[in-house]
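> here are the coordinates; sequence isn't available:
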């Protein structure tokens, strides 16, 4: 098995620019990618600074795109989105702004839709157990308990 070679600063920067141009990435993703190619830490920091100055990396833009796409495509709630953004070392300010970009009305419609579907799919005779399974499912998707309760009140009657 051949070992990956060490990159020079200019090679690492060119590689990182190409990586960022292909898709939106946050600092932690780019840092990990450069580490995987054995770029030295001080050069990684310099590369990240260059990429931020040149507009290849923008944490707020990344957080906004991540939040909206995970909500629309994966139907994740705010809690799950927040956890994933924190895991990517996104600042709390960026996370709050990104979560505000999710339309509240659309958020509740999506939650209601998921709730209705799960109620129909759940094969449980005991209504309390059925409710518990629906709550568990929606909570695992990252929706807030207060929102889940409102949705259940709307859909279980």
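It's in. On a predicted model such as this, the values are computed, not experimentally measured, just so you know.

> what about stretch 13-24, distance to the chain center?
20 Å (Cα atoms, centre = their mean, to the nearest Å).

> What residues sit buried inside that stretch?
Going by neighbour count (16 or more other Cβ atoms under 10 Å), the buried part of stretch 13-24 is 13, 15, 16, 17, 19, 20, 24. Where you see a C-beta, it was placed from the backbone N, CA and C, and this is true even at glycine.

> ok, so what distance separates the second one from residue 145?
When distance is defined by Cβ to Cβ, to the nearest Å, residue 15 is 44 Å away from residue 145.

> what secondary structure does the residue of the chain most remote from its centre sit in?
Within the chain, residue 125 marks the point farthest from the mean C-alpha position, 35.7 Å out by Cα atoms, centre = their mean. Secondary structure, DSSP: H, G, I helix; E, B strand; the rest coil: residue 125 is coil.

> Phi and psi next, for it.
Here the main-chain torsion angles of residue 125 (degrees, to the nearest 10) amount to phi -80, psi -40.

> Mind jotting down where the helices sit in this structure?
Secondary structure of the chain (DSSP state H): helices at 9-22, 27-36, 41-53, 59-74, 78-87, 92-100, 104-121, 127-140, 145-155.

> Domains in the chain, by residue range?
Under automatic domain parsing, the residue ranges defining each domain of the chain are 9-53, 59-100, 104-155.

> I'd like the average pLDDT over the last one.
Confidence for domain 104-155, expressed as mean pLDDT, is 94.

> How far off centre is that domain?
With Cα atoms, centre = their mean as the basis, the mean position of domain 104-155 lies at 21 Å from the chain mean.

> Straight-line length of it, end to end?
By Cα to Cα, to the nearest Å, the extent of domain 104-155 from end to end equals 18 Å.
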